[in-house]
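[1] here are the coordinates; sequence isn't available:
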């Protein structure tokens, strides 16, 4: 019976020792912990006491040395070379401006359209600086007439003051003031065969008229106005095409030509007569369809 209770006694004794040890280490609630003595160096003062006075800091903890002041002058604003970025950096690229166009100064052309009127015409034009104005000279050789029984031989010359209302000088829409003069020999052929003539010249014909013809000198100033357009390909100089049309008025008096056919003339069937610078002849067509170069 005593042997049976030995383990129980040993267990009670061991439990009582553990409780006494715990009571010694952890005081009851509301009581201060036991004084374990001063803390080891480096753990600061006990709770509730001020820290010890460590004295002034060593000298090397003074103000920063002078090299911690403002940055040296080399760290100022960037030099002028670091301006705004070129186009394409930081935003859409700027549109490139077209290169400046060369100024057109002169033009030389030939007008094949005048061949319809049996004339050969050349044209020269010079711009008046930067103004939208130019001066044009057009000499003409008259070698025949479009009329069947009339032949003209002589010359004409025209000066034109040109205003380019659109575009630039020598390349654009223009208005031309036309001042011309023509002088030629007009010969009227009578008879059955216009190439040989026939009949008798009227009394007002020139004395040197050939048999069967009437010859007189026609001369007059021509004043008029033209509208048209000049093109240059490419735009800075090269092939030139100029087209225009207008109306001119001859200021000279009418000039009559006549060949009289009599019954004695075997090579004459009727009399022939015409008039130059009459009511209808005073109005003249001014045309221009010229090809050439402009620079």
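    Happy to help now that I have it. Computed from a predicted model, the values in this text were never measured in an experiment.

[2] Check the gap between residue 288 and residue 108 for me.
    Here the distance between residue 288 and residue 108 works out to 14 Å (Cβ to Cβ, to the nearest Å). C-beta: built from backbone N, CA, C; applies to glycine.

[3] okay, those two: which has more neighbours?
    residue 288 (23 against 14; other Cβ atoms under 10 Å).

[4] The residue lying closest to residue 137 once chain neighbours are set aside: what's it in contact with?
    In this structure, residue 137 finds its nearest non-sequential neighbour in residue 124, 5.1 Å apart by Cβ to Cβ, 6 or more residues apart in numbering. Residues near residue 124 by Cβ atoms under 8 Å, 6 or more residues apart in numbering: 106-109, 136-138.

[5] Filter the residues you listed down to the buried ones and hand me the PyMOL line.
    Selection of buried members from the contacts of residue 124 for PyMOL, criterion 16 or more other Cβ atoms under 10 Å:
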select buried, resi 107+109+136+138
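
[6] Surely residue 257 and residue 278 touch.
    No - counting by Cβ atoms under 8 Å, residue 257 stays clear of residue 278, with 11.2 Å between them.

[7] So these two - more neighbours on which side?
    Taking neighbours as other Cβ under 10 Å, residue 257 and residue 278 compare with residue 257 leading, 27 against 13.

[8] and that one, what is it in contact with?
    150, 186-188, 202, 205, 214-216, 273-276.

[9] Among those residues, which lie within strands?
    Using DSSP state E, the members of the contacts of residue 257 that fall in strands are 150, 186-188, 214-216, 273-276.

[10] May I see these organised as JSON lines, with neighbour count, pLDDT and distance to residue 292 added?
    Listed next are the ones in strands among the contacts of residue 257 as JSON lines, based on neighbours: other Cβ atoms under 10 Å; pLDDT from 0 to 100; distance: Cβ to Cβ, whole Å:
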{"residue": "150", "neighbour count": "19", "pLDDT": "96", "distance to residue 292": "31"}
{"residue": "186", "neighbour count": "22", "pLDDT": "98", "distance to residue 292": "30"}
{"residue": "187", "neighbour count": "22", "pLDDT": "98", "distance to residue 292": "33"}
{"residue": "188", "neighbour count": "29", "pLDDT": "97", "distance to residue 292": "36"}
{"residue": "214", "neighbour count": "29", "pLDDT": "97", "distance to residue 292": "39"}
{"residue": "215", "neighbour count": "18", "pLDDT": "98", "distance to residue 292": "35"}
{"residue": "216", "neighbour count": "19", "pLDDT": "98", "distance to residue 292": "35"}
{"residue": "273", "neighbour count": "13", "pLDDT": "96", "distance to residue 292": "41"}
{"residue": "274", "neighbour count": "18", "pLDDT": "96", "distance to residue 292": "35"}
{"residue": "275", "neighbour count": "13", "pLDDT": "96", "distance to residue 292": "36"}
{"residue": "276", "neighbour count": "22", "pLDDT": "97", "distance to residue 292": "31"}
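
[11] Between these, which sits nearest residue 165?
    residue 276 (34.5 Å; Cβ to Cβ).

[12] beta partners for the closest one?
    Note on residue 276: beta-bridge partners by DSSP bridges are residue 255.

[13] so who does it touch?
    Going by Cβ under 8 Å, 6+ apart, residue 276 touches 186, 218, 254-257.

[14] which one of these is nearest residue 165?
    The nearest member of these to residue 165, counting by Cβ to Cβ, is residue 218 at 34.4 Å.

[15] picking that back up, out of the contacts of residue 276, what pair is the most spread apart?
    186 and 254, at 12.1 Å, using Cβ to Cβ across those.

[16] Quick one: end-to-end length of stretch 137-147, please.
    27 Å (Cα to Cα, to the nearest Å).

[17] Show residues contacting it.
    If you take Cβ under 8 Å, 6+ apart as the criterion, stretch 137-147 is touched by 111, 114, 116-125, 151-160, 180, 182, 184, 186, 274.

[18] Output the contacting helices and strands for the host helix or strand of residue 243.
    Using DSSP states H and E, residue 243 sits in strand 238-250. Using 3 or more Cβ pairs under 8 Å, 6 or more residues apart in numbering; DSSP states H and E, the elements in contact with strand 238-250 are strand 106-111, strand 171-189, strand 213-233, strand 283-294.

[19] will you turn those strands into TSV that also has distance to residue 245?
    Listed next are these as TSV, based on distance: least, Cβ to Cβ, whole Å:
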stretch	distance to residue 245
strand 106-111	12
strand 171-189	10
strand 213-233	7
strand 283-294	5
